Structures are given as C-alpha cells and as structure tokens.
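Visitor: When you get a sec, could you give me coordinates for this:
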Amino acid sequence: MSNLDQIGIVGGGLIGLSWAALASSLGHKVVIIDPDPECSQDLSAFLAHAWPNLAELGLAHQPTAPDVSPDYAALKGARFVQENAPERIAVKHEVIRQIEAQVGPEVVIASSTSSLMASDLQQGAKHPERILVAHPMNPPHLIPMVELVAGHLTAPEAMDQAEAHYHALHRVPIRAKREVQGHIANRLTAALYREAVNLVAEGIADVADIDRAIANGPGLRWALMGPHLTYHLGGGAGGYRAYLDHLGPTQEARWKDLGHPELTEALKAELVAGVEAELASMGSTDLRARRDAALVALLRLKGDQAL
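Guide: Residues are numbered from 1 along each chain as shown. So this is what the prediction gives:
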C-alpha cells in the first residue's frame with residue numbers, strides 16, 4: 001500500500017464506482033462523495049460484481065467497503081482525490097471549488113475527464129498546480145491504462161505523485177507530452193469509430209460484421225501490442241522501416257479515402273438497430289459480465305507479457 005492510503009472519489013457513477021472498487025479491494029480507505037441517495041446501493045451491487053474479478057487478478061488483498069457521503073467535508077484526510085463529475089466545465093469548476101475547500105494544497109486532484117483539458121479545469125482554482133487529467137478507460141478497475149495530462153500550471157511534482165499513486169493501484173500510467181482534446185486513447189478510438197460509422201453510412205458493411213471484424217481480427221493483435229509494433233512485425237526481417245517503405249503508400253491511399261460521416265437521425269437509427277440486432281442474437285447474456293470475465297481471463301493470460 002502506498003502512503004496515499006486515504007483516497008477521495010468524487011462522483012459515484014460507473015467510473016467513480018470502478019475506481020472505488022479497485023482502491024478499496026487493495027485495502028485503501030476510500031470515501032465516495034455523491035449526492036444521490038441510491039449511491040450506496042449502487043456501490044454494493046458494483047462491488048459484488050467487481051471484487052471477485054479483482055480477486056482472480058490477485059488485487060483483492062484486504063477489501064474494505066468504501067464510505068459514501070453527500071458531504072464534501074468527508075474528504076478531510078484524503079491524500080489523493082479522483083474527480084469523476086459530469087463532462088461539463090462549469091460543473092467541474094464547482095466540484096473542484098468544493099474539493100479545494102476540504103483538502104490541503106498538497107493533495108493532487110486528478111480528473112477522469114475523457115475530453116476536457118487540465119488547463120481549462122485549472123481556471124479559478126486556488127491551487128491549479130495540483131490539478132491534472134488522469135483519464136482511464138471503462139472499466140478502470142480492469143483496464144490498466146491511465147492517461148496523465150498536465151495543464152499549463154500543473155507542477156511536475158503533482159504528475160510524479162499521480163504516477164506513483166496509479167502504480168500503487170497496479171495501473172499502467174502513460175504521460176501525454178502536451179494537451180489535446182480527447183488525450184491519446186480516445187483520439188485513437190475515435191479515428192477507428194469514425195470509419196466504423198462510415199462503413200455503415202456508405203452501405204459497405206452492417207454493424208454486426210464491423211464489430212466481428214474488429215473483435216476477431218485486429219482487435220486480437222491490439223490486445224497484445226500497439227499499431228507501431230504490429231506493423232514492425234508486418235515488415236518481416238526488415239522491421240518497421242521495411243513496412244513503411246513497402247506498404248506505407250497503401251496506408252496513405254486508405255487515409256485519403258477514409259470517410260467523414262455525419263450522425264444524422266437516420267444514421268443513428270441504423271446504428272442503434274444494428275446494435276439491437278447484435279444483442280438479440282446473444283440471447284439473455286449479461287454483456288457487461290461477459291466482457292469483464294473475458295477481460296480478467298485476458299489480463300491473466302497476458303501476465304508479464306504485456307508490451
């Protein structure tokens with residue numbers, strides 16, 4: 001356990017509960033701040049699902065149920081705060097104001113925001129130097145990656161403290177060199193999703209076949225290594241340089257032909273109908289439980305082989 005053993009989680013939605021499940025499974029003292037009276041019930045249901053999966057991964061050493069409070073005063077004593085408020089800058093500013101009223105200036109405030117920038121979050125803060133982005137992917141108690149992004153005023157020490165914190169939670173922190181909307185992972189997934197939508201819009205493939213293409217094709221490779229290493233192997237004995245020299249032009253040709261779909265009401269209806277057809281073909285399966293069980297199995301398989 002790190003010395004950051006008292007953790008504040010602000011916001012008890014899916015992301016906040018997932019962070020709380022992870023930290024509390026490792027024995028950390030956790031308090032969740034959320035005004036919703038149903039939060040405690042939601043937490044109990046979430047822990048019943050999450051803790052057994054974490055136990056399979058060896059990450060449920062001393063499970064201790066988090067406290068839940070609607071009062072920001074419950075953050076007193078927290079050594080690290082993970083903020084998970086709705087993705088609206090005005091709401092984030094008010095939440096940060098409430099947090100700063102309760103914790104010391106040395107306490108890092110890390111935002112799970114998927115698209116807002118740390119520099120914007122810092123505006124109006126008493127201690128902007130301790131505010132940064134720490135964006136996970138859903139569900140953060142199983143997906144190890146956390147993107148750390150500094151704002152213009154973020155202190156290097158805050159970034160170092162955050163990195164140590166996530167290492168202690170058995171996460172894989174990565175640092176962006178500069179701010180950009182969507183950070184790193186969401187920009188990559190957005191690029192793929194844009195073409196997945198375009199293929200439907202252009203009548204090239206239906207939703208189910210597109211999903212199957214990824215899950216049974218490149219997605220299998222991406223679970224093991226990223227695109228650069230993947231194409232390094234694609235270059236054979238010559239490695240990445242050989243791939244770029246030989247097949248780079250075909251990549252450029254595809255880039256020029258990628259689509260720019262618009263989410264019209266008709267296209268949204270077609271996408272939703274496609275997903276509903278996929279779900280119907282699965283019967284009564286619990287998609288989230290199925291996903292999480294597969295993630296646990298994959299993480300156990302990967303072990304120390306992660307690249």
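
Visitor: Please count neighbours and contacts with C-alpha atoms only from this point.
Guide: Will do.

Visitor: Would you map the strands across the chain?
Guide: Secondary structure of the chain (DSSP state E): strands located at 6-10, 29-33, 67-69, 80-83, 108-111, 131-136, 145-150, 172-175.

Visitor: how much space between the closest residue to His167 other than its chain neighbours and Asn138?
Guide: Computed as C-alpha to C-alpha, 6 or more residues apart in numbering, the closest residue to His167 that is not its neighbour in sequence is Pro173, at 7.1 Å. Relative to Asn138, Pro173 is positioned 15 Å away (C-alpha to C-alpha, to the nearest Å).

Visitor: neighbour count winner among these two?
Guide: Pro173 (19 against 14; other C-alpha atoms under 10 Å).

Visitor: shaky segments in the chain?
Guide: Across the chain, the stretches falling below the confidence threshold (pLDDT under 70) are 1-4, 304-307.

Visitor: Out of the strands of the chain, indicate the one that is most buried.
Guide: Mean neighbours per residue, mean count of other C-alpha atoms under 10 Å, is largest over these for strand 131-136, with a mean of 28.

Visitor: What lies in contact with that strand?
Guide: Under the criterion C-alpha atoms under 8 Å, 6 or more residues apart in numbering, residues 108-114, 117-118, 121-122, 143-151, 154, 158-159 lie in contact with strand 131-136.

Visitor: Dump the strands of the chain into a markdown table; add distance to Ala208 as well.
Guide: What follows is these, written out as a markdown table (distance: least, C-alpha to C-alpha, whole Å):
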| stretch | distance to Ala208 |
| --- | --- |
| strand 6-10 | 37 |
| strand 29-33 | 38 |
| strand 67-69 | 40 |
| strand 80-83 | 35 |
| strand 108-111 | 34 |
| strand 131-136 | 27 |
| strand 145-150 | 27 |
| strand 172-175 | 31 |
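
Visitor: Out of those strands, the one nearest Asn216 is which?
Guide: The stretch from the strands of the chain with the least distance to Asn216 (C-alpha to C-alpha) is strand 145-150; that distance is 22.2 Å.
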